[in-house]
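Visitor: Dropping the sequence and predicted coords here.
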Amino acid sequence: MRWTALLALTVAAALAADALGVPSPAMLAGLGVGLLFALRTPWALDLPSPAVRGSQAVLGVSFGLLVDADTLRELGSTALPVLVVSAASLAVTVAAGVLMARLTGLDRPTAAFGMIAGGASGIVAMSRDLGADERLVSVMQYLRVLVIVVTVPVVAAVVVGDGGALRATAAAPSGSWAAGLLTLGACVVAGAVVARVTRLPAGSMLGPLLVAAAAGLVDLPVVATPDVVLEAAFVGIGLMVGLRFTPSSVRRAVRILPATLVGIVGLILASAALGMLLVAWADVATLDAYLATTPGGLYAVLAVAGTAPGVDAPFVLAVQTLRLFLMLLAAPLLARWVAGRTGDG
(Lines give C-alpha, C1' and ligand atoms only; values in the text may rest on other atoms or scores of the structure.)
Protein backbone atom coordinates (compact mmCIF):
# COMPACT_ATOMS: atom_id res chain seq x y z
CA MET A 1 0.00 0.00 0.00
CA ARG A 2 2.84 2.39 0.81
CA TRP A 3 4.61 1.76 -2.49
CA THR A 4 1.33 1.99 -4.38
CA ALA A 5 0.62 5.39 -2.85
CA LEU A 6 4.17 6.55 -3.55
CA LEU A 7 4.14 5.48 -7.20
CA ALA A 8 0.63 6.82 -7.87
CA LEU A 9 1.57 10.24 -6.52
CA THR A 10 4.84 10.19 -8.47
CA VAL A 11 3.07 9.46 -11.77
CA ALA A 12 0.58 12.26 -11.12
CA ALA A 13 3.39 14.68 -10.27
CA ALA A 14 5.35 13.69 -13.39
CA LEU A 15 2.34 14.28 -15.65
CA ALA A 16 1.70 17.65 -14.03
CA ALA A 17 5.36 18.67 -14.34
CA ASP A 18 5.42 17.63 -17.99
CA ALA A 19 2.28 19.67 -18.70
CA LEU A 20 3.95 22.71 -17.12
CA GLY A 21 7.07 22.27 -19.23
CA VAL A 22 9.35 21.48 -16.28
CA PRO A 23 12.74 20.03 -17.39
CA SER A 24 13.27 16.33 -16.63
CA PRO A 25 9.73 15.98 -15.23
CA ALA A 26 9.94 12.27 -14.33
CA MET A 27 13.24 12.64 -12.48
CA LEU A 28 12.13 15.73 -10.59
CA ALA A 29 8.73 14.19 -9.77
CA GLY A 30 10.43 11.16 -8.24
CA LEU A 31 12.83 13.41 -6.36
CA GLY A 32 10.07 15.67 -5.02
CA VAL A 33 7.62 12.94 -4.06
CA GLY A 34 10.40 10.87 -2.50
CA LEU A 35 11.45 13.91 -0.48
CA LEU A 36 7.85 14.47 0.64
CA PHE A 37 7.46 10.87 1.78
CA ALA A 38 10.84 10.88 3.53
CA LEU A 39 10.09 14.03 5.53
CA ARG A 40 6.32 13.83 6.08
CA THR A 41 5.57 10.16 6.69
CA PRO A 42 6.87 7.68 9.27
CA TRP A 43 7.51 5.13 6.52
CA ALA A 44 11.14 4.15 6.08
CA LEU A 45 11.05 3.44 2.35
CA ASP A 46 14.18 2.87 0.29
CA LEU A 47 14.27 1.91 -3.37
CA PRO A 48 15.34 -1.75 -3.73
CA SER A 49 18.86 -2.23 -5.03
CA PRO A 50 17.77 -4.08 -8.23
CA ALA A 51 15.51 -1.16 -9.13
CA VAL A 52 18.40 1.28 -8.62
CA ARG A 53 20.79 -0.75 -10.77
CA GLY A 54 18.13 -1.26 -13.42
CA SER A 55 17.41 2.47 -13.60
CA GLN A 56 21.13 3.22 -13.89
CA ALA A 57 21.49 0.67 -16.70
CA VAL A 58 18.58 2.13 -18.69
CA LEU A 59 20.05 5.63 -18.41
CA GLY A 60 23.43 4.30 -19.48
CA VAL A 61 21.98 2.78 -22.65
CA SER A 62 20.03 5.95 -23.47
CA PHE A 63 23.16 8.10 -23.14
CA GLY A 64 25.27 5.65 -25.11
CA LEU A 65 22.84 5.61 -28.03
CA LEU A 66 23.39 9.36 -28.48
CA VAL A 67 26.83 8.50 -29.88
CA ASP A 68 27.04 7.29 -33.46
CA ALA A 69 29.34 7.66 -36.46
CA ASP A 70 27.11 10.23 -38.20
CA THR A 71 27.10 12.49 -35.15
CA LEU A 72 30.89 12.43 -34.86
CA ARG A 73 31.31 13.06 -38.59
CA GLU A 74 29.47 16.35 -38.10
CA LEU A 75 32.52 17.65 -36.25
CA GLY A 76 34.63 17.42 -39.40
CA SER A 77 37.65 19.73 -39.37
CA THR A 78 36.60 21.21 -36.03
CA ALA A 79 37.23 17.94 -34.16
CA LEU A 80 40.52 19.04 -32.58
CA PRO A 81 39.27 22.44 -31.36
CA VAL A 82 36.09 20.80 -30.03
CA LEU A 83 38.09 18.16 -28.13
CA VAL A 84 40.33 20.82 -26.61
CA VAL A 85 37.38 22.99 -25.59
CA SER A 86 35.51 19.97 -24.17
CA ALA A 87 38.53 18.98 -22.09
CA ALA A 88 38.89 22.58 -20.93
CA SER A 89 35.23 22.63 -19.87
CA LEU A 90 35.88 19.54 -17.74
CA ALA A 91 38.84 21.28 -16.13
CA VAL A 92 36.66 24.31 -15.40
CA THR A 93 34.04 22.16 -13.67
CA VAL A 94 36.73 20.47 -11.56
CA ALA A 95 38.06 23.87 -10.50
CA ALA A 96 34.51 24.98 -9.68
CA GLY A 97 34.02 21.88 -7.54
CA VAL A 98 37.24 22.50 -5.59
CA LEU A 99 36.20 26.13 -5.00
CA MET A 100 32.70 25.03 -3.99
CA ALA A 101 34.14 22.66 -1.39
CA ARG A 102 36.26 25.42 0.13
CA LEU A 103 33.44 27.97 0.21
CA THR A 104 30.70 25.73 1.61
CA GLY A 105 32.50 23.07 3.63
CA LEU A 106 31.09 20.31 1.42
CA ASP A 107 33.16 17.17 1.03
CA ARG A 108 35.13 17.21 -2.20
CA PRO A 109 33.32 14.35 -3.98
CA THR A 110 29.91 15.97 -3.44
CA ALA A 111 31.14 19.41 -4.51
CA ALA A 112 32.91 17.99 -7.56
CA PHE A 113 29.94 15.97 -8.79
CA GLY A 114 27.55 18.82 -8.05
CA MET A 115 29.55 21.09 -10.34
CA ILE A 116 30.12 18.66 -13.25
CA ALA A 117 28.48 20.43 -16.17
CA GLY A 118 26.45 17.93 -18.15
CA GLY A 119 24.48 14.72 -17.91
CA ALA A 120 22.68 15.74 -14.72
CA SER A 121 20.60 12.58 -14.46
CA GLY A 122 23.62 10.37 -15.12
CA ILE A 123 25.83 12.18 -12.62
CA VAL A 124 23.13 11.96 -9.94
CA ALA A 125 22.60 8.27 -10.73
CA MET A 126 26.25 7.33 -10.24
CA SER A 127 27.26 9.83 -7.54
CA ARG A 128 26.25 7.57 -4.63
CA ASP A 129 28.37 4.73 -6.00
CA LEU A 130 31.37 7.06 -6.29
CA GLY A 131 31.31 8.40 -2.75
CA ALA A 132 29.27 11.60 -3.05
CA ASP A 133 26.06 12.65 -1.29
CA GLU A 134 23.55 12.19 -4.12
CA ARG A 135 20.97 14.36 -2.34
CA LEU A 136 23.12 17.49 -2.46
CA VAL A 137 24.46 16.57 -5.90
CA SER A 138 20.89 16.47 -7.22
CA VAL A 139 20.09 19.90 -5.78
CA MET A 140 23.17 21.43 -7.40
CA GLN A 141 22.77 19.66 -10.73
CA TYR A 142 19.10 20.48 -11.25
CA LEU A 143 19.50 24.09 -10.18
CA ARG A 144 22.05 24.36 -13.01
CA VAL A 145 19.64 22.74 -15.47
CA LEU A 146 16.90 25.16 -14.42
CA VAL A 147 19.13 28.20 -14.89
CA ILE A 148 20.21 27.00 -18.34
CA VAL A 149 16.65 26.23 -19.44
CA VAL A 150 15.67 29.79 -18.54
CA THR A 151 18.71 31.58 -19.99
CA VAL A 152 19.39 29.74 -23.27
CA PRO A 153 16.20 30.92 -25.06
CA VAL A 154 16.83 34.46 -23.81
CA VAL A 155 20.36 34.49 -25.25
CA ALA A 156 19.11 33.02 -28.54
CA ALA A 157 16.38 35.65 -28.71
CA VAL A 158 18.93 38.42 -28.19
CA VAL A 159 21.22 37.04 -30.90
CA VAL A 160 18.71 36.06 -33.60
CA GLY A 161 15.43 37.53 -32.40
CA ASP A 162 13.70 34.18 -31.83
CA GLY A 163 14.58 31.73 -29.10
CA GLY A 164 12.26 29.03 -30.41
CA ALA A 165 9.82 26.91 -28.47
CA LEU A 166 11.28 24.57 -25.87
CA ARG A 167 10.48 21.06 -26.97
CA ALA A 168 12.40 17.84 -26.42
CA THR A 169 14.42 16.54 -29.35
CA ALA A 170 15.13 12.83 -29.52
CA ALA A 171 18.64 12.09 -30.74
CA ALA A 172 18.67 8.32 -30.57
CA PRO A 173 17.25 6.22 -33.44
CA SER A 174 13.57 5.39 -33.10
CA GLY A 175 11.84 2.12 -33.86
CA SER A 176 9.44 -0.48 -32.55
CA TRP A 177 8.92 -1.31 -28.89
CA ALA A 178 10.21 -4.84 -29.37
CA ALA A 179 13.38 -3.67 -31.11
CA GLY A 180 13.96 -1.02 -28.44
CA LEU A 181 13.61 -3.57 -25.64
CA LEU A 182 15.89 -6.00 -27.48
CA THR A 183 18.55 -3.30 -27.86
CA LEU A 184 18.17 -2.37 -24.20
CA GLY A 185 18.43 -5.97 -22.99
CA ALA A 186 21.46 -6.76 -25.13
CA CYS A 187 23.31 -3.61 -24.05
CA VAL A 188 22.49 -4.16 -20.36
CA VAL A 189 23.66 -7.80 -20.37
CA ALA A 190 26.81 -7.07 -22.38
CA GLY A 191 27.46 -3.97 -20.29
CA ALA A 192 27.23 -5.97 -17.06
CA VAL A 193 29.83 -8.39 -18.41
CA VAL A 194 32.13 -5.52 -19.45
CA ALA A 195 31.75 -3.86 -16.06
CA ARG A 196 32.51 -7.07 -14.18
CA VAL A 197 35.52 -8.01 -16.32
CA THR A 198 37.07 -4.53 -16.24
CA ARG A 199 35.96 -3.71 -12.68
CA LEU A 200 34.53 -0.50 -14.04
CA PRO A 201 33.50 2.04 -11.38
CA ALA A 202 29.75 2.78 -11.42
CA GLY A 203 29.55 -0.21 -13.76
CA SER A 204 25.75 -0.52 -13.59
CA MET A 205 25.55 2.62 -15.69
CA LEU A 206 28.87 2.98 -17.48
CA GLY A 207 29.03 -0.63 -18.71
CA PRO A 208 25.77 -0.40 -20.72
CA LEU A 209 26.72 3.13 -21.80
CA LEU A 210 30.00 1.96 -23.36
CA VAL A 211 28.37 -1.03 -25.07
CA ALA A 212 25.55 1.11 -26.51
CA ALA A 213 28.02 3.73 -27.75
CA ALA A 214 30.19 1.07 -29.37
CA ALA A 215 27.15 -0.43 -31.09
CA GLY A 216 26.20 2.97 -32.49
CA LEU A 217 29.73 3.71 -33.69
CA VAL A 218 29.93 0.50 -35.71
CA ASP A 219 26.44 1.07 -37.14
CA LEU A 220 24.73 -1.93 -35.57
CA PRO A 221 20.91 -1.80 -35.91
CA VAL A 222 20.22 -0.27 -32.49
CA VAL A 223 16.88 1.26 -31.50
CA ALA A 224 16.09 3.77 -28.75
CA THR A 225 14.66 2.57 -25.45
CA PRO A 226 10.84 2.96 -25.34
CA ASP A 227 9.88 6.25 -23.72
CA VAL A 228 7.86 4.66 -20.93
CA VAL A 229 10.83 2.53 -19.87
CA LEU A 230 13.16 5.52 -19.97
CA GLU A 231 10.73 7.64 -17.94
CA ALA A 232 10.42 4.81 -15.40
CA ALA A 233 14.21 4.83 -15.03
CA PHE A 234 14.17 8.59 -14.43
CA VAL A 235 11.50 8.08 -11.77
CA GLY A 236 13.62 5.36 -10.18
CA ILE A 237 16.68 7.61 -9.90
CA GLY A 238 14.55 10.45 -8.54
CA LEU A 239 13.00 8.22 -5.87
CA MET A 240 16.39 6.78 -4.96
CA VAL A 241 17.60 10.26 -4.10
CA GLY A 242 14.41 11.75 -2.67
CA LEU A 243 13.69 8.93 -0.23
CA ARG A 244 17.10 9.40 1.41
CA PHE A 245 16.57 13.03 2.38
CA THR A 246 16.43 13.95 6.05
CA PRO A 247 15.60 17.29 7.73
CA SER A 248 19.31 17.94 8.29
CA SER A 249 20.21 17.27 4.65
CA VAL A 250 17.44 19.63 3.52
CA ARG A 251 18.80 22.37 5.77
CA ARG A 252 22.26 21.77 4.38
CA ALA A 253 20.96 21.96 0.81
CA VAL A 254 19.30 25.29 1.54
CA ARG A 255 22.52 26.67 3.03
CA ILE A 256 24.56 25.92 -0.09
CA LEU A 257 22.05 27.36 -2.59
CA PRO A 258 23.59 30.89 -2.80
CA ALA A 259 27.11 29.55 -3.37
CA THR A 260 25.75 27.00 -5.85
CA LEU A 261 23.99 29.71 -7.85
CA VAL A 262 27.17 31.79 -7.99
CA GLY A 263 29.10 28.73 -9.15
CA ILE A 264 26.53 28.00 -11.86
CA VAL A 265 26.71 31.54 -13.21
CA GLY A 266 30.49 31.25 -13.24
CA LEU A 267 30.27 27.95 -15.17
CA ILE A 268 27.94 29.48 -17.75
CA LEU A 269 30.24 32.47 -18.28
CA ALA A 270 33.35 30.29 -18.49
CA SER A 271 31.64 27.97 -20.97
CA ALA A 272 30.61 30.96 -23.09
CA ALA A 273 34.23 32.11 -23.11
CA LEU A 274 35.31 28.66 -24.28
CA GLY A 275 32.67 28.90 -26.99
CA MET A 276 34.25 32.10 -28.20
CA LEU A 277 37.50 30.15 -28.62
CA LEU A 278 35.66 27.98 -31.14
CA VAL A 279 34.55 31.12 -32.96
CA ALA A 280 38.14 32.35 -33.27
CA TRP A 281 39.87 28.98 -33.75
CA ALA A 282 37.41 26.97 -35.84
CA ASP A 283 35.39 29.74 -37.54
CA VAL A 284 32.16 28.61 -35.86
CA ALA A 285 29.20 30.99 -35.75
CA THR A 286 28.77 32.76 -32.41
CA LEU A 287 25.36 31.28 -31.52
CA ASP A 288 26.44 27.81 -32.68
CA ALA A 289 29.49 28.00 -30.40
CA TYR A 290 27.45 29.26 -27.44
CA LEU A 291 24.82 26.53 -27.76
CA ALA A 292 27.44 23.84 -28.32
CA THR A 293 29.35 24.72 -25.15
CA THR A 294 26.45 25.51 -22.80
CA PRO A 295 27.14 23.51 -19.62
CA GLY A 296 24.17 21.14 -19.71
CA GLY A 297 20.47 21.44 -20.39
CA LEU A 298 20.84 19.23 -23.48
CA TYR A 299 17.19 19.10 -24.54
CA ALA A 300 16.65 22.82 -24.02
CA VAL A 301 19.75 23.55 -26.10
CA LEU A 302 18.66 21.18 -28.88
CA ALA A 303 15.19 22.68 -28.91
CA VAL A 304 16.60 26.15 -29.48
CA ALA A 305 19.16 24.87 -32.01
CA GLY A 306 16.39 23.17 -33.97
CA THR A 307 14.18 26.26 -34.15
CA ALA A 308 16.50 29.29 -34.22
CA PRO A 309 17.21 30.36 -37.83
CA GLY A 310 20.71 29.79 -39.13
CA VAL A 311 21.89 27.50 -36.34
CA ASP A 312 23.86 24.39 -37.31
CA ALA A 313 21.83 21.97 -35.16
CA PRO A 314 23.80 18.80 -36.11
CA PHE A 315 27.05 20.49 -35.04
CA VAL A 316 25.51 21.61 -31.73
CA LEU A 317 24.26 18.06 -31.11
CA ALA A 318 27.65 16.54 -31.93
CA VAL A 319 29.56 18.83 -29.56
CA GLN A 320 27.00 18.49 -26.76
CA THR A 321 27.01 14.70 -27.13
CA LEU A 322 30.79 14.55 -27.04
CA ARG A 323 30.92 16.76 -23.95
CA LEU A 324 28.22 14.73 -22.16
CA PHE A 325 30.04 11.50 -22.93
CA LEU A 326 33.33 12.96 -21.72
CA MET A 327 31.79 14.16 -18.45
CA LEU A 328 30.17 10.81 -17.66
CA LEU A 329 33.29 8.79 -18.45
CA ALA A 330 35.52 11.19 -16.52
CA ALA A 331 33.36 10.99 -13.38
CA PRO A 332 34.97 7.78 -11.98
CA LEU A 333 38.47 9.15 -12.68
CA LEU A 334 37.49 12.38 -10.98
CA ALA A 335 36.20 10.44 -7.99
CA ARG A 336 39.50 8.60 -7.65
CA TRP A 337 41.48 11.82 -7.97
CA VAL A 338 39.33 13.56 -5.37
CA ALA A 339 39.60 10.59 -3.01
CA GLY A 340 43.39 10.69 -3.39
CA ARG A 341 43.48 14.42 -2.69
CA THR A 342 41.23 13.92 0.34
CA GLY A 343 43.47 11.18 1.65
CA ASP A 344 46.56 13.34 1.19
CA GLY A 345 44.87 16.25 2.93
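Guide: That came in fine, so what should we check first?
Visitor: Low-confidence stretches in the stretch 151-300 of the chain?
Guide: The model of the stretch 151-300 of the chain has pLDDT under 70 over residues 159-175, 299-300.
Visitor: All the helices of it, in order from the start?
Guide: 177-198, 203-217, 227-242, 247-282, 286-293, 298-307 (DSSP state H, counting those that start in this stretch).
Visitor: could I get those as JSON lines with mean neighbour count?
Guide: All C-beta atoms are positioned from the backbone trio N, CA, C, and that covers glycine. JSON lines is the format used below for the helices of the stretch 151-300 of the chain (neighbours: other C-beta atoms under 10 Å):
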{"stretch": "helix 177-198", "mean neighbour count": "17"}
{"stretch": "helix 203-217", "mean neighbour count": "25"}
{"stretch": "helix 227-242", "mean neighbour count": "24"}
{"stretch": "helix 247-282", "mean neighbour count": "17"}
{"stretch": "helix 286-293", "mean neighbour count": "25"}
{"stretch": "helix 298-307", "mean neighbour count": "23"}
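Visitor: Nearest to residue 99, out of those helices?
Guide: Proximity to residue 99 (C-beta to C-beta) singles out helix 247-282 among these, at 7.1 Å.
Visitor: picking that back up, kindly reformat the helices of the stretch 151-300 of the chain as JSON lines containing distance to residue 104.
Guide: Below are the helices of the stretch 151-300 of the chain laid out as JSON lines (distance: least, C-beta to C-beta, whole Å):
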{"stretch": "helix 177-198", "distance to residue 104": "33"}
{"stretch": "helix 203-217", "distance to residue 104": "27"}
{"stretch": "helix 227-242", "distance to residue 104": "19"}
{"stretch": "helix 247-282", "distance to residue 104": "5"}
{"stretch": "helix 286-293", "distance to residue 104": "26"}
{"stretch": "helix 298-307", "distance to residue 104": "27"}
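Visitor: Can you tell me which of these is nearest to residue 110?
Guide: helix 247-282 (9.5 Å).
Visitor: circling back: which stretch among the helices of the stretch 151-300 of the chain comes nearest residue 69?
Guide: Proximity to residue 69 (C-beta to C-beta) singles out helix 203-217 among the helices of the stretch 151-300 of the chain, at 5.6 Å.
Visitor: tell me what the closest one is packed against?
Guide: helix 49-64, helix 69-73, helix 120-127, helix 177-198, helix 313-344 (3 or more C-beta pairs under 8 Å, 6 or more residues apart in numbering; DSSP states H and E).
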